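Novice: Here is the input, now give the coordinates:
(chains A and B)
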2 protein chains.
Amino acid sequence: MKHSRLKKQIDFIIEVDKIKQILRQNHLIDNSRRENDAEHSWHLALMAMILNEYSIKKELDILKVMKMVIIHDLVEIDAGDTFAYDKMKNMDKVLREEKASQRIFGLLPEDQRDEMMQLWHEFEYMESEEAKFAASLDRLHPLMHNYKTEAAGWGNHVITRKDVEKRNQHTRESAPDLWKYIEEIIEEITEKGYISKEDI
Amino acid sequence: MKHSRLKKQIDFIIEVDKIKQILRQNHLIDNSRRENDAEHSWHLALMAMILNEYSIKKELDILKVMKMVIIHDLVEIDAGDTFAYDKMKNMDKVLREEKASQRIFGLLPEDQRDEMMQLWHEFEYMESEEAKFAASLDRLHPLMHNYKTEAAGWGNHVITRKDVEKRNQHTRESAPDLWKYIEEIIEEITEKGYISKEDI
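Specialist: Here you go, the predicted model:
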């Protein structure tokens, strides 16, 4: 290929195929197996299309939300999936993912590398309403799956109601109607014993 | 859930999880297993983000392209994956998929059902430059995978050079620089014997 810009782009597109092998804790809704990062990211993009009306921002930039959710887990190709409720592994997560972002987005032409880094950081640090909404979907999605699979994705981990509330808390302000739905789920999974009512 | 609009949207989001079980002919680039529709759709959305500059339309509506590729295979939940080069199965594909679209998109509130049907039809019939570009990515993606996996996705099917050229031909006009890349791949996979030089 003579076109070096296109070559870089194709190399990146081929490299990130590896995300299909990064398994998450979550199970598919039919509970047949664990979900991978590509499937999860696809589902978030669909959710962004369907649920964007619930963001408090009236003129939400849906394209930006979709871009964020499509790329938000690419760093896990190098850094691996870090279970949200694993406090130990979350301690060095930032460093591992930062290094990964430099290698993976670094495969792209400079302008696109910079755009991807910017989108990813904006998402990670919830620096805009778009990022907050994307993060709400990213938290709601596994909650829905665990709700439907009798918490298969939480396995032997002991998760408390407080953990789940904390992880979803920003949705209370950024998408209040989704927060009401999340509250209903939390109520039900607490009653069913999927999560612990009391702090440990 | 009291909110009936949100309930419909959530039911739809949960139902379409099934797309993660719809296997395509293609293999992952590491050749470990077949790819599913969710993974394929995720990859197309990423390609739309990275490769949109190659569309002949200068002000391409990238959001529309991304929406199209995210939903383009949802009908396969009911209609199954139809291998592009299987002439027999392609004969009743339209009817099977039309019926599927009504059930699946019909789970949504009416306004969103109509938007999804419109997007899907626009894509299927390549009614806009956005649809043509989305279709280019949809054809290029399996070609890249087959190129990288020694045509694992084509298995025992005999595919001719003419078949592949025909399937990608609209890219010649809608994304000329991508077409040049496709021509290079076709040349190489013909030389390597992955596809047949002669018509059968």
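
Novice: So A:Trp42 sits against B:Ala45, correct?
Specialist: Yes: at 7.4 Å, A:Trp42 counts as touching B:Ala45 under the criterion of Cβ atoms under 8 Å. Where C-beta positions appear, they are placed from N, C-alpha and C, glycine not excepted.

Novice: which neighbours does the longest strand along chain A have in its sheet, and in what orientation?
Specialist: Assignment by DSSP state E gives strand A:23-27 as the longest strand of chain A. With DSSP bridges as the test, strand A:23-27 is paired with strand A:34-36 (antiparallel).

Novice: Can you tell me what sits against the strand it pairs with?
Specialist: The contact list for strand A:34-36, computed with Cβ atoms under 8 Å, 6 or more residues apart in numbering or on different chains, reads A:19-28, A:145, A:153, B:20, B:39.

Novice: how about these in TSV, adding pLDDT and neighbour count?
Specialist: TSV is the format used below for the contacts of strand A:34-36 (pLDDT from 0 to 100; neighbours: other Cβ atoms under 10 Å in any protein chain shown):
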residue	pLDDT	neighbour count
A:Ile19	98	24
A:Lys20	98	24
A:Gln21	97	14
A:Ile22	97	20
A:Leu23	96	15
A:Arg24	95	20
A:Gln25	91	20
A:Asn26	91	23
A:His27	94	22
A:Leu28	96	21
A:His145	92	24
A:Gly153	87	21
B:Lys20	98	24
B:Glu39	98	25
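
Novice: which one of those is nearest A:Pro176?
Specialist: Nearest to A:Pro176 out of those is A:His145 (Cβ to Cβ; 22.6 Å).

Novice: wait, doesn't that closest one sit right on A:His27?
Specialist: Yes: applying Cβ under 8 Å, one finds A:His145 in contact with A:His27, separated by 6.5 Å.

Novice: Not counting residues beside it along the chain, what's closest to A:Ala84?
Specialist: Excluding the flanking residues, the one nearest A:Ala84 by Cβ to Cβ, 6 or more residues apart in numbering or on different chains is A:Arg167, at 6.1 Å.

Novice: which secondary structure elements does the strand or helix carrying that neighbour contact?
Specialist: Assessed by DSSP states H and E, A:Arg167 sits inside helix A:161-168. Under the contact criterion of 3 or more Cβ pairs under 8 Å, 6 or more residues apart in numbering or on different chains; DSSP states H and E, helix A:161-168 touches helix A:129-148, helix A:176-191.

Novice: ranking those by burial, who's on top?
Specialist: Highest mean neighbour count of these: helix A:129-148, a mean of 22 (counted as mean count of other Cβ atoms under 10 Å in any protein chain shown).

Novice: Let me know the angle separating that one from helix A:161-168.
Specialist: 150 degrees (axes from the mean of the first three to the mean of the last three Cα atoms, to 10 degrees).

Novice: quick one: helix A:129-148 near chain B?
Specialist: Yes: for helix A:129-148, a contact with chain B is found by Cβ under 8 Å from any Cβ of the partner chain, at A:Met144, A:His145, A:Lys148.

Novice: count of neighbours near A:Leu95?
Specialist: Neighbours of A:Leu95 under the rule other Cβ atoms under 10 Å in any protein chain shown: 10.

Novice: Where does it fall, secondary structure wise?
Specialist: Using DSSP H and E, the element containing A:Leu95 is helix A:93-105.

Novice: So between A:Trp42 and B:Ala45, which is more surrounded?
Specialist: Neighbours were tallied for A:Trp42 and for B:Ala45 using other Cβ under 10 Å; the higher tally belongs to A:Trp42 (28 against 25).

Novice: Could you find the closest non-adjacent residue to the more buried one?
Specialist: B:Trp42 (4.0 Å).

Novice: Confirm for me that A:Ala45 is in contact with B:Met68.
Specialist: No: judged on Cβ under 8 Å, A:Ala45 makes no contact with B:Met68 at a distance of 11.6 Å.
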